[in-house]
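1. predicted structure and sequence below. I'll ask about it afterward.
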Amino acid sequence: MDAIFTVSGEDTSPHLTPSMPSAPEMQVDSAQRAVGHLSGIASGLLSIATWFAARAFPTLLMLVLLLGVWQVACQHEGAALPSPAKVWAESHDVIIHPFKGMTFDASGYHIGEGGDVGIAGHVLTSLRRVAVGFSLSVIFGVALGILIGQSLFAYRALDPLFQVFRTVPPLAWLPISLAMFQQANPSAIFLIFITAIWPIILNTAAGVQNIPIAYRNVARVLALRPLEYFTKIMLPATVPHMFTGLRIGVGMSWLAIVAAEMVQGGTGVGFFIWDSYNSSLLTDTIVALVWIGLVGFALDRLIGWIGNRIARQS
Amino acid sequence: MAHSYLSIEDVEVSFPTKSGTFTAIRNIDLKVGKGQFVSLIGHSGCGKSTLLNVVAGLVRPTRGVVLLEGEVIEKPGPDRAVIFQDHSLLPWLSVLENVLLAVDKTMEGSSKAERRDWAMHNLELVHMAQAAPKRPAELSGGMKQRVGIARAIAMKPRVLLMDEPFGALDALTRASLQTTVMVIQEQLNNTVLMITHDVDEAVLLSDRVVMMTNGPEATIGDDLAVSLARPRNAIETGNLAEYRRARSAVLHFLHERYSNPLGAAA
């Protein structure tokens, strides 16, 4: 809980009053700052170089190695899967024209009606569904999590249900979802919602239950009102747990949407995969796989980044 | 019988446990006058903290009552500010915001500027005004506890409760905070109930040292008045005969009459 102490020399510093620097000292100071600026750029470049050597280089090396192995394994006649070279040869249209069938203007993007849409269009459709479904699961998940974290009665009433429901695989909800909503889009959104909500509820509840007793005692001694307790203590203390749940939830949403779209058809990146498989365009499927991986990674990092920012500010 | 300012009357606290009822403290009677500085001293597990929590209102007594100016204490409130051993500052708030949280609750009618000034004034009393914008994580243990003290005295409590306030600090830092507390006490003349297991700390700071017997069913074993002139300071006061008398009386109680129940190893 406690961060590292960065201030030393306790009990001598509080009594010191810094004196104003005299004029010559200030000149020396600005000259030093100019030198410091130049060396700042140099050390900046150096640190990028060390970062590359230490972090990016091993990843790139591994990537090249894997592509090489894949190429060797799949380049013979009659291989079950296409080699990387074949992916590029047959699907470079898909790779270099991801925005096919889309138009952009001041109001945003539009996906052309019917048929030939690039992979980015499908990804955006999927992302929009995730955005709506995930937002709903955040609202209801956080509220329910706080409820069961705060009230022992609610916890005993609801936690067993949540523990059972959370193990139901996303796709098992699909028939229920289709029966409820009859249409592809809302049922896909419901599927996201019902997939992402469990980790959000359970982690938020754990966060509320783990608020240190010391903070609760402070609140009691100060006689904070319920709303003040909620905003000043419960929310800030729970944010780290909450974002753990959100991060797991967004990852699961992305897993679920691809599966749902594969079954439902129509639009979205899941549909794109299924469609390319049915059209025997396995190279397109591989391109879509890379997109899904990269977008999923970006979603995860986005939520992690927001969580870190909020935790640092609040 | 007229009530004292703070009156603890026949207080008992027991908890249900798996192996039956556990009585932490029993038959506690203690009267504290306004402006008195009283230390509670005893070995670990003697129920000192339980007693303090009863006065704070954080624990309900199983039997008996605590009266403050004739009113029964039923729940916690800012009129009985607590300085916690672990300082309990909220890590997401700055030093100033931590103090303001308390000030906002106790000065609800005042303007924002007044409340801010009052918070800053109290931070100045503990020499922490320059740390106002910092987060607790940027401060050392002793500095955090200074802020904890500022937060408590800023509430203008009727009783100031200190739960081993310097227990987690090294000896030098502790001595420096003891001095700060004595200087503040000269100015504010708070009514203070302080838990400690440091004999010198108890004698140096207090008007009375209340010694507790070992638990379970701990109670007050002795009550020693310390009639040393104020202002006191660790070096000069420490050489006075009265200081040495009080100190050896407390040591005698703790090590001969009620020696540590856990033995030398604890």
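-> Done, it's in. Keep in mind it's a predicted model, so treat the numbers as computed, not measured.

2. the helices in the chain, which residues?
-> In the absence of a named chain, chain A is used. Using DSSP state H, the helices of chain A run over A:23-51, A:57-74, A:84-96, A:119-150, A:152-165, A:174-181, A:184-209, A:213-221, A:226-229, A:235-264, A:269-278, A:282-313.

3. um, chain B though
-> Counting by DSSP H, the helices of chain B are B:48-56, B:95-106, B:112-125, B:141-154, B:171-188, B:199-205, B:234-238, B:241-252.

4. export these to CSV and tack on mean neighbour count?
-> All C-beta spots, glycine's among them, are computed from the backbone N, C-alpha and C. Compiled in CSV, the helices of chain B are given as follows (neighbours: other Cβ atoms under 10 Å in any protein chain shown):
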stretch, mean neighbour count
helix B:48-56, 23
helix B:95-106, 23
helix B:112-125, 17
helix B:141-154, 26
helix B:171-188, 17
helix B:199-205, 23
helix B:234-238, 13
helix B:241-252, 15
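
5. next, format those as JSON lines and append distance to residue A:239.
-> Converted to JSON lines, the helices of chain B look like this (distance: least, Cβ to Cβ, whole Å):
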{"stretch": "helix B:48-56", "distance to residue A:239": "28"}
{"stretch": "helix B:95-106", "distance to residue A:239": "16"}
{"stretch": "helix B:112-125", "distance to residue A:239": "25"}
{"stretch": "helix B:141-154", "distance to residue A:239": "22"}
{"stretch": "helix B:171-188", "distance to residue A:239": "32"}
{"stretch": "helix B:199-205", "distance to residue A:239": "38"}
{"stretch": "helix B:234-238", "distance to residue A:239": "44"}
{"stretch": "helix B:241-252", "distance to residue A:239": "46"}
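
6. single out the most deeply packed of the helices of chain A.
-> For those, the largest average neighbour count (mean count of other Cβ atoms under 10 Å in any protein chain shown) is found in helix A:184-209, namely a mean of 24.

7. and the angle for it with helix A:119-150?
-> In terms of direction (axes from the mean of the first three to the mean of the last three Cα atoms, to 10 degrees), helix A:184-209 departs from helix A:119-150 by 40 degrees.

8. what about helix A:184-209, average pLDDT?
-> Averaged across helix A:184-209, the pLDDT comes to 94.

9. what's the answer for stretch B:196-208, then?
-> Per-residue scores along stretch B:196-208 average to 92.

10. cool, stretch A:260-273 as well?
-> Mean predicted lDDT for stretch A:260-273 stands at 86.

11. ok, now stretch B:70-86?
-> 92.

12. give me the number of residues near residue 168?
-> In the absence of a named chain, this looks at chain A. 13 (other Cβ atoms under 10 Å in any protein chain shown).

13. chain B is the one I meant
-> 15.

14. for chain A, what are the nearby residues on the stretch 51-200 of chain B?
-> Proximity of the stretch 51-200 of chain B to chain A is confined to B:56-58, B:75-78, B:80-82, B:84, B:86, B:88, B:90-93, B:101-102, B:105, B:127-128, B:130-131, B:137-143, B:146, B:155, B:172-173, B:176-177 under the rule Cβ under 8 Å from any Cβ of the partner chain.

15. where's the closest residue to residue B:54 other than its chain neighbours relative to residue B:28, distance?
-> Leaving aside its chain neighbours, residue B:54 sits nearest to residue B:61 (5.2 Å; criterion: Cβ to Cβ, 6 or more residues apart in numbering or on different chains). In this view, residue B:61 and residue B:28 are 9 Å apart by Cβ to Cβ, to the nearest Å.

16. surely residue A:158 meets residue A:151?
-> No: applying Cβ atoms under 8 Å, one finds residue A:158 not in contact with residue A:151, separated by 9.4 Å.

17. hang on, the earlier thing: just so I know, which of the helices of chain B lies nearest residue A:222?
-> Among these, helix B:95-106 comes nearest to residue A:222, with 4.9 Å by Cβ to Cβ.

18. nearest residue to residue B:166 in space, please, no chain neighbours.
-> Among residues not flanking residue B:166 along the chain, residue B:174 sits closest, at 4.3 Å (Cβ to Cβ, 6+ apart).

19. surely residue B:105 is in contact with residue A:225?
-> No: Residue B:105 lies out of contact with residue A:225 (Cβ under 8 Å); the separation is 9.2 Å.

20. out of the helices of chain B, name the one with the poorest average pLDDT.
-> helix B:234-238 (a mean of 85).

21. if you count contacts, what does that helix end up packed against?
-> helix B:171-188, helix B:199-205 (3 or more Cβ pairs under 8 Å, 6 or more residues apart in numbering or on different chains; DSSP states H and E).

22. for the spatially most central residue of chain B, what are its contacts?
-> Geometric centre of chain B, nearest residue: residue B:162, 1.9 Å, by Cα atoms, centre = their mean. Contacts for residue B:162 (Cβ atoms under 8 Å, 6 or more residues apart in numbering or on different chains) come out as B:82, B:83, B:152, B:192, B:193, B:194, B:195.

23. quickly list what it is bridged to.
-> residue B:83, residue B:194 (DSSP bridges).

24. I'd like the distance between it and chain A.
-> Going from residue B:162 to chain A by Cβ to the nearest Cβ, to the nearest Å gives 13 Å.

25. pLDDT at that residue, what is it?
-> Looking at residue B:162, its pLDDT stands at 95.

26. quick one, what contacts residue A:306?
-> When contacts are counted by Cβ under 8 Å, 6+ apart, residue A:306 touches residue A:243.

27. that one and residue A:312, how far apart?
-> Distance of residue A:306 to residue A:312, computed by Cβ to Cβ: 11 Å.

28. what does residue B:26 give?
-> 49 Å.

29. now swap in residue B:240 and tell me
-> 52 Å.

30. also residue B:223?
-> Where residue A:312 is concerned, residue B:223 sits at a distance of 50 Å (Cβ to Cβ).

31. thinking again about what came up before, contacting residues for the residue nearest to residue B:54?
-> Contacts here follow Cβ under 8 Å, 6+ apart; on that basis residue B:61 touches B:11, B:12, B:13, B:54.

32. could you do residue A:67 as well?
-> Per Cβ under 8 Å, 6+ apart, neighbours of residue A:67: residue A:84.

33. what's around residue B:132, how many residues?
-> Counted with other Cβ under 10 Å, residue B:132 comes out at 20.

34. so who does the closest residue to it other than its chain neighbours touch?
-> Residue nearest to residue B:132 in three dimensions, not counting chain neighbours: residue B:96, with 4.0 Å by Cβ to Cβ, 6+ apart. Counting by Cβ under 8 Å, 6+ apart, residue B:96 makes contact with B:116, B:119, B:120, B:123, B:132, B:133.

35. ditto for residue B:97
-> Residue B:97 sits next to residue B:90 when contact means Cβ under 8 Å, 6+ apart.

36. now do the end-to-end distance for stretch B:132-149.
-> The straight-line separation of the ends of stretch B:132-149 (Cα to Cα, to the nearest Å) is 14 Å.

37. just stretch B:167-174 next, same as before
-> Span of stretch B:167-174 from end to end, Cα to Cα: 8 Å.
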